[in-house]
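# Pasted the sequence and its predicted model underneath.
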Amino acid sequence: MKIELTKGDITKIEADVIVNAANSSLLGGGGVDGAIHRVGGKSILEDCIKIRNKQGKCKTGEAVVTTAGNLPAQYVIHTVGPVWNGDKETCFPLLENCYKNSLKLAETQGVRTIAFPNISTGVYRFPKEAAGKIAVQTVKNFRSDTIEKIVFVCFDDENEAIYKELLENKD
């Protein structure tokens, strides 16, 4: 698998799947979540409502898939990252599950490319350095027969610098 890094707006990234850092309601919100819902249009929200009606809210660390609407992708995978509370023993595995479960769900869709935002590092206040290490390590350890390329899409300079250093580190 090829791993790439780019700085920009995830709603403009061309990939088979774009991952949304969603909230548990799946009904849109601020940050990445709000942008994906705004740009993707009402078909994403309609799919999210169907999912909620079937299973209820999306639990932290879990992932669900919807159409991508007007986005330059086939699907959006919505994953709910943990709200940082200082509890590494709880938060670290939950964030790791966001990446693992998104990748597993992407595989079931038979896609080749997936783009991730920086999950939980905005209003959920997860420390950016720790979140980056979890994201990069989880992706590097994931084995797939279908996914060929993973793109980390950083919205700000700080995350971009963290991911650049982590991806250049050969450990």
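On my side now, so go ahead.
# List the contacts of the lengthiest helix in the chain.
Ranked by residue count, the top helix of the chain under DSSP state H comes out as helix 88-108. Here helix 88-108 makes contact (C-beta atoms under 8 Å, 6 or more residues apart in numbering) with 16-17, 19, 60-65, 75, 77, 79-82, 84-85, 114, 116, 119-120, 126, 130-131, 134-135, 138-139, 142, 144-147, 150. The way it works is simple: take the backbone N, C-alpha and C, and place the C-beta from them, glycine included.
# what separates the helix or strand following that helix from the chain centre, distance-wise?
Where DSSP states H and E defines the elements, the next helix or strand beyond helix 88-108 is strand 113-116. From the chain centre to the centre of strand 113-116 is a distance of 8 Å (C-alpha atoms, centre = their mean, to the nearest Å).
# circling back to that earlier point, where does the longest helix of the chain sit relative to the chain's centre, distance-wise?
9 Å.
# Not counting residues beside it along the chain, what's closest to residue 12?
residue 72 (7.0 Å; C-beta to C-beta, 6 or more residues apart in numbering).
# what's the helix or strand for the one you found?
Counting by DSSP H and E, residue 72 is part of no helix or strand.
# Also residue 20?
Going by DSSP H and E, residue 20 is in strand 17-22.
# before we move on, back to that, what's near enough to touch the residue nearest to residue 12?
Counting by C-beta under 8 Å, 6+ apart, residue 72 has contacts 12-15.
# do residue 75 as well
16-18, 65-68, 106, 109, 111.
# Please consider this matter closed, and thank you.
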